[in-house]
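S.K.: What would the 3D arrangement of this be:
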Amino acid sequence: MGEFLNFIYRDFKYKLYVPSEYNSDKEFPLLVMLHGCKQNADDFAAGTNMNTLAEKEKFLVLYPDMNHPLNPLDLTGYNPIGCWNWFLDDNQHRGKGHPKLIYGMINEVKSNYKIDSNKVYAVGLSAGGALACILGATYPDAFNSIGICSGLAYDAANVYLLTDPLA
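M.R.: Predicted coordinates for the structure are as follows:
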């Protein structure tokens with residue numbers, strides 16, 4: 001089996017699965033897996049069995065983890081039950097919030113591993129599905145395709161943190 005590695009980007013943890021046959025002589029595809037509420041990177045990897053498929057098909061898997069941000073005072077980034085805050089306006093635009101965070105993680109992986117930029121994909125479940133949809137809308141140039149399971153359409157909700165008491 002390959003390696004399941006821990007990293008920190010900005011104040012967020014993420015995991016990266018690197019298949020055992022990875023070598024820097026060729027480019028590999030990258031799949032971004034976005035968990036749902038009350039899940040974490042380890043739960044999502046185990047529940048989807050994606051690392052086994054990545055080992056067989058030879059691609060890397062990036063698992064951003066919303067559960068344990070190192071700065072819980074960042075209200076656009078923190079959620080007490082580990083949901084991606086897809087509903088906040090700051091998390092629905094290119095160059096801001098969670099889309100910027102995930103894009104930065106992808107670029108960090110690309111700086112350390114040889115990734116085929118034409119084969120970068122994102123898949124999400126529930127809140128992660130909503131974020132995957134947002135990534136497809138805000139960074140269409142970064143992804144070959146997006147998979148959404150039980151997610152929501154782009155801009156389905158738009159909460160402004162400082163003006164909406166429900167945020």
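S.K.: So the residue nearest to residue 79 when sequence neighbours are not counted, which state does it fall into?
M.R.: Spatially, and ignoring its direct neighbours in sequence, residue 79 is nearest to residue 85 (5.5 Å; C-beta to C-beta, 6 or more residues apart in numbering). To be clear about C-beta, it is placed using only N, CA and C from the backbone, and glycine gets the same treatment. Following DSSP: H, G, I helix; E, B strand; the rest coil, residue 85 is assigned to coil.
S.K.: State the distance from residue 85 to residue 101.
M.R.: Residue 85 sits 11 Å away from residue 101, going by C-beta to C-beta, to the nearest Å.
S.K.: got any residues that touch both of these two?
M.R.: Taking C-beta atoms under 8 Å, 6 or more residues apart in numbering as the contact rule, residue 85 and residue 101 both touch residue 77.
S.K.: neighbours around the closest residue to residue 99 other than its chain neighbours, how many?
M.R.: Using C-beta to C-beta, 6+ apart and skipping residues adjacent in sequence, the residue nearest residue 99 is residue 138, 4.6 Å away. The local packing of residue 138 (other C-beta atoms under 10 Å) involves 22 other residues.
S.K.: Can you read off the pLDDT for residue 138?
M.R.: pLDDT for residue 138: 97.
S.K.: Residue 96 - nearest residue in space that isn't next to it in sequence?
M.R.: In space, and not counting its chain neighbours, residue 96 is closest to residue 90: 5.2 Å by C-beta to C-beta, 6+ apart.
S.K.: got the contact list for the residue nearest to residue 79?
M.R.: Neighbours of residue 85 in contact, by C-beta under 8 Å, 6+ apart: 76-79, 91, 97-98.
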